[in-house]
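**Q** here is my input, please return the structure:
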Amino acid sequence: MVLLRSGWLWRQTSVLKRWKLNWCDLWIDGSLCFYKSDSRRELEHRVSLKTACVDVRSGLECGDVTPPESNPRENLLVVQLRDGSTANLCANSEDDCLAWKLTLLETRRNPVFTYDPYDDSYQAVPINRYHTVYITPGAGPGDHHVVVQRDPFDNVMEHLALGLLGGMAAGAAMRSFLWMPVFFC
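**A** A predicted model of the protein is given here:
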């Protein structure tokens with residue numbers, strides 16, 4: 001997966017409303033992950049922006065949210081979610097806050113497109129946790145090649161269910177053939 005942005009952000013907890021400093025990763029599939037440290041070993045919270053995010057506000061747009069001590073209101077970010085809850089964040093500077101806001105908004109609304117040379121058309125690819133995305137620099141300035149690879153284990157359960165059903169049918173057929181000599185003796 002492609003990491004779009006990462007860094008330290010203050011996050012307000014949902015229950016006690018206290019501020020915690022978390023390492024944050026924003027991935028191309030819209031996952032905003034919060035970790036205890038930059039080693040990324042302990043995931044504390046995850047928000048899927050593609051499915052849950054309604055809007056992102058920053059600075060004075062954040063309303064009655066109080067920033068952590070020694071941070072101005074201009075550093076605040078509020079991610080409004082579909083269920084009515086919010087993820088209250090605070091960056092280390094106003095520029096960092098603006099960069100996070102733009103990246104969050106861009107991730108929320110833009111899909112990844114692939115080019116089909118046979119139809120001479122672009123198709124949107126819904127990026128989720130079953131896809132791997134590779135972005136490589138192209139030949140010209142500003143050109144990038146995007147390769148989306150599906151996870152080979154994506155449809156394992158469907159194939160497993162069909163295999164079990166086929167095995168049961170074969171077993172039932174074989175069992176009837178095994179009892180046939182007993183009846184003819």
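
**Q** going forward, measure contacts and count neighbours with C-alpha atoms only.
**A** Fine.

**Q** for Asp25, what are its contacts?
**A** With C-alpha atoms under 8 Å, 6 or more residues apart in numbering as the criterion, the residues that contact Asp25 are Leu3, Leu4, Arg5, Ser6, Gly7, Ser31, Leu32, Cys33, Phe34.

**Q** with adjacent residues omitted, what lies nearest to it?
**A** For Asp25, the nearest residue in space outside its immediate sequence neighbours is Ser6; the separation is 4.4 Å by C-alpha to C-alpha, 6 or more residues apart in numbering.

**Q** which ones among the contacts of Asp25 are found in helices?
**A** In helices, defined here by DSSP state H, there are no members of the contacts of Asp25.

**Q** just give me the closest of those residues to Lys17.
**A** Phe34 (16.1 Å; C-alpha to C-alpha).

**Q** what's the residue nearest to Asp25 in contact with, if anything?
**A** The neighbours of Ser6, taking C-alpha under 8 Å, 6+ apart as the test, are Trp23, Cys24, Asp25, Leu26.

**Q** burial of Pro67, as a residue count?
**A** Around Pro67 sit 23 other residues, with neighbours defined as other C-alpha atoms under 10 Å.

**Q** hmm, back to that, any idea how far the residue nearest to Asp25 lies from Leu162?
**A** The gap separating Ser6 from Leu162 is 42 Å, by C-alpha to C-alpha, to the nearest Å.
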